[in-house]
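Peer 1: Sequence plus the predicted model coming up.
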Amino acid sequence: KAGVTQTPRYLIKTRGQQVTLSCSPISGHRSVSWYQQTPGQGLQFLFEYFSETQRNKGNFPGRFSGRQFSNSRSEMNVSTLELGDSALYLCASSLATGGASETQYFGPGTRLLVL
Amino acid sequence: AQSVTQPDIHITVSEGASLELRCNYSYGATPYLFWYVQSPGQGLQLLLKYFSGDTLVQGIKGFEAEFKRSQSSFNLRKPSVHWSDAAEYFCAVGDGNTGFQKLVFGTGTRLLVSP
């Protein structure tokens, strides 16, 4: 079974631009979560989508948004990029039907550099 | 709110020696606990997880972890370290109240393996 895939793997943007990252979950997984990883703040939860609905949200400004499609693929968007948005963005998927199925499996990440 | 503490930022272990990485969590009920490993420039790979039942859990690559409720700990162990184990290790807790998908991570422990 294929793992979680994320595209693109690397991105360079300039301040003020917007960016869209994509995540394809493991087949059959309905939950997709996004995390931001930076050297200063570590791994922080952005949001989670389940069956096309945002179910959980972290403490990030409204510039960070996401969505999930009917095939469970997810995108996250960051508008008006700031230098501090430079990070590794990780996507994780899970079955999320209780118990051990809550286990999240991570993709390789998208590394975003904002200049 | 739940939290995870990994008190050791760096640990150096000789190849073939045993390893123990510490993890302490703060959470009111029975937590869902995870250990992930991250190689440079890569995503997170799940090593093992604890949901309930036997407090000693086995994972991949010869790792194990023991859940100790009285100490609020979930330490990761390996009897004999290989050079390929050099990586960063993250402990995480999932909160049933706010959503198991909203993982809270520790700051990580970077493992260095000396020859």
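Peer 2: Received, thanks. Numbering: from 1, shown residues only, chains lettered A, B, ... in the order given.
Peer 1: residues from chain B in reach of chain A?
Peer 2: B:32, B:34, B:36, B:41-46, B:49, B:51-52, B:90, B:92, B:94, B:98-108 (Cβ under 8 Å from any Cβ of the partner chain). To be clear about C-beta, it is placed using only N, CA and C from the backbone, and glycine gets the same treatment.
Peer 1: can you rerun that using 6 Å?
Peer 2: By the rule Cβ under 6 Å from any Cβ of the partner chain, the part of chain B lying against chain A is B:G43, B:L44, B:K49, B:F51, B:G99, B:F100, B:Q101, B:K102, B:F105, B:T107.
Peer 1: quick one: furthest residue from the center of chain A?
Peer 2: Relative to the C-alpha centroid of chain A, counting by Cα atoms, centre = their mean, A:G99 is the outermost residue, at 22.6 Å.
Peer 1: ok, that one to B:S52 distance?
Peer 2: Distance check for A:G99 against B:S52: by Cβ to Cβ, to the nearest Å, it reads 8 Å.
Peer 1: What parts of chain A come near chain B?
Peer 2: With Cβ under 6 Å from any Cβ as the criterion, chain A meets chain B at residues A:31, A:33, A:42-43, A:45, A:48, A:56, A:90, A:99-100, A:102-103, A:106-109.
Peer 1: Give me the contact list for the helix or strand of chain B at the bottom of the mean pLDDT ranking.
Peer 2: Within chain B, confidence by mean pLDDT, DSSP states H and E is lowest for strand B:99-105 among all helices and strands, at a mean of 82. With contacts defined as Cβ atoms under 6 Å, 6 or more residues apart in numbering or on different chains, strand B:99-105 is touched by A:31, A:33, A:43, A:45, A:48, A:56, A:102, B:2, B:4, B:32, B:90, B:92-94.
Peer 1: Serialize these to a markdown table and add fields for distance to B:R22, neighbour count and pLDDT.
Peer 2: Output for those, formatted as a markdown table (distance: Cβ to Cβ, whole Å; neighbours: other Cβ atoms under 10 Å in any protein chain shown; pLDDT from 0 to 100):
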| residue | distance to B:R22 | neighbour count | pLDDT |
| --- | --- | --- | --- |
| A:S31 | 29 | 26 | 93 |
| A:S33 | 26 | 30 | 95 |
| A:L43 | 18 | 22 | 96 |
| A:F45 | 23 | 23 | 95 |
| A:E48 | 28 | 28 | 94 |
| A:N56 | 28 | 18 | 88 |
| A:E102 | 24 | 21 | 77 |
| B:Q2 | 17 | 19 | 81 |
| B:V4 | 11 | 22 | 95 |
| B:Y32 | 19 | 20 | 88 |
| B:F90 | 13 | 25 | 98 |
| B:A92 | 14 | 25 | 95 |
| B:V93 | 14 | 23 | 92 |
| B:G94 | 19 | 23 | 86 |
